[in-house]
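Student: Give me a 3D structure for the following:
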Amino acid sequence: MKKVVTIMACRNEEKNINQVLLSLENQSIAPIQVIIVDDASSDSTYDIIEQFSKKNKNWVTFKRIRNDERYISIVNTMRKASEMIEKEFDFLMVLDGDTILEDKYIEKILDKFEFDSKLGIAGGILLSIEDSKEQFKQLYDNEVFGSNRVYSKRCWNEINEGKILNVITIAWDTEHSIKAKIRGYETKRFGDIFSKSIKPPSNNQPFYLRGVLKYQFGLGFLHIFISGIFHLKPHFILGYIMAWLNRKPKIDNQENMLKINNLYNQIFLNKIKKILRLN
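Tutor: So this is what the prediction gives:
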């Protein structure tokens, strides 16, 4: 039997956390260790996860005393969770405090890894409770972002250079996806596996910050300049320029960053060609 460890972050989820933890507790394949880090909740979230921890011997909890600036806090919380992993695992699942899993979620995901040796990060469709499956398939397409994703041990250890979460940006799921792909792993979202997000995820990062991230992710300036002009978002361009002037660290080594830049350039050129054909 393949061994799965689950790490989870939550903050002020007292209305949702019971459903989420029940869905994890009722999995047909139980994780060998569940680590839940509370990010300084001001409600009863931690009390609820403590109750689950007391009746599940392999569940471990930790409460942070103070949360950080909005965007970095989740990264620090998940890093703490990864530091607490004690069991030897074959797969690692990341879960959020507002995501309910179908009963055989883990079992179905592990089956996907069994049939695809190149699979590094996998996830199911993430549904909003008030939306239909069709709508969410269109929103998320084939990329694996946010909660409910599962990593092979080899992929997780390789992109983090060890067991502990090791990223330099706030968009750590995107950073992981890019690193995995450039190392030859496949990242896939499967339409026959489902989870439900009680609070639909959003991407509300300021455009200045998005520009900084694009620099760290290795996109070329021409791509950013055209995108910023096209969408009338000068702060997007400014963020990129300031990241360049301040020599913000990039997400990978020089050799891999060249591969990433070439990959983005090809994607960008394909989009240009498509637009020209439509016109």
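Student: Now do the contacts for W59.
Tutor: Contacts here follow CB atoms under 8 Å, 6 or more residues apart in numbering; on that basis W59 touches Q33, V34, I35, I36, F52, S53. In this view, the C-beta of every residue, glycine as well, is placed from N, C-alpha and C.
Student: What are the buried residues along stretch 179-187?
Tutor: K179, A180, K181, I182, Y185, T187 (16 or more other CB atoms under 10 Å).
Student: most neighbours, which of the contacts of W59?
Tutor: I36 (29 neighbours; other CB atoms under 10 Å).
Student: can you list the residues that contact stretch 214-228?
Tutor: By CB under 8 Å, 6+ apart, stretch 214-228 touches 168-169, 174-175, 178, 211, 233-234, 236-237, 239-240, 243-244, 248-252, 257, 260-261, 264-265, 268.
Student: For K118, give me its contacts.
Tutor: G184, Y185, E186.
Student: still on that earlier bit, in helices, which of the buried residues of stretch 179-187 appear?
Tutor: The subset of the buried residues of stretch 179-187 located in helices under the criterion DSSP state H comprises K179, A180, K181, I182.
Student: Identify, from these, the entry nearest to E88.
Tutor: Proximity of these to E88 (CB to CB) peaks at A180, which lies at 21.3 Å.
Student: Secondary structure element holding the nearest residue to that closest one once chain neighbours are set aside?
Tutor: Closest residue to A180 in three dimensions, ignoring its sequence neighbours and counting by CB to CB, 6 or more residues apart in numbering: G120, at 4.4 Å. Taking DSSP states H and E as the criterion, G120 maps to strand 119-128.
Student: just checking, what packs against that strand?
Tutor: Identification of packing neighbours for strand 119-128 by 3 or more CB pairs under 8 Å, 6 or more residues apart in numbering; DSSP states H and E yields helix 105-115, helix 133-140, strand 149-152, helix 153-160, helix 172-182, strand 186-197.
Student: Provide the strand pairings for that strand, with the direction of each partner.
Tutor: Sheet pairing here is set by DSSP bridges, and for strand 119-128 it gives strand 149-152 (antiparallel), strand 186-197 (parallel).
Student: Could you tell me the angle between that strand and helix 153-160?
Tutor: 90 degrees (axes from the mean of the first three to the mean of the last three CA atoms, to 10 degrees).
Student: Rebuild the strands paired with strand 119-128 as JSON lines, extending it with mean pLDDT and distance to I65.
Tutor: Putting the strands paired with strand 119-128 into JSON lines (pLDDT from 0 to 100; distance: least, CB to CB, whole Å) gives the following:
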{"stretch": "strand 149-152", "mean pLDDT": "96", "distance to I65": "28"}
{"stretch": "strand 186-197", "mean pLDDT": "91", "distance to I65": "28"}
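Student: looking at the ones you listed, which is buried most?
Tutor: For the strands paired with strand 119-128, average neighbour numbers computed from mean count of other CB atoms under 10 Å are highest in strand 149-152, which has a mean of 25.
Student: which outside residues touch that strand?
Tutor: Residues from elsewhere that reach strand 149-152, judged by CB under 8 Å, 6+ apart: 4, 90-94, 106, 109-110, 113, 119-123, 173, 176, 185.
Student: roughly how far apart are K15 and D98?
Tutor: According to CB to CB, to the nearest Å, K15 and D98 sit 9 Å apart.
Student: can you check V20 too?
Tutor: Taken as CB to CB, the span from V20 to D98 is 7 Å.
Student: shared neighbours, those two?
Tutor: With contacts taken as CB under 8 Å, 6+ apart, V20 and D98 have C10, E13, I198 as neighbours in common.
Student: which one of these sits closest to I159?
Tutor: Looking across the shared contacts of V20 and D98 and measuring by CB to CB, the closest to I159 is C10, at 23.8 Å.
Student: what bridges to that closest one?
Tutor: Bridge pairing for C10 (DSSP bridges) gives the partners D38.
Student: Check the burial of it by counting its neighbours.
Tutor: Other residues within reach of C10 by the criterion other CB under 10 Å amount to 25.
Student: Please give me every residue in contact with it.
Tutor: Shown here is C10, whose contacts under the criterion CB under 8 Å, 6+ apart are I17, V20, I36, V37, D38, D39, S41, T45, I49, D96, G97, D98.
Student: My guess is the fourth one contacts V60. True?
Tutor: If I follow you right, that is V37. No - with contact defined as CB atoms under 8 Å, V37 does not count as touching V60 (9.2 Å).
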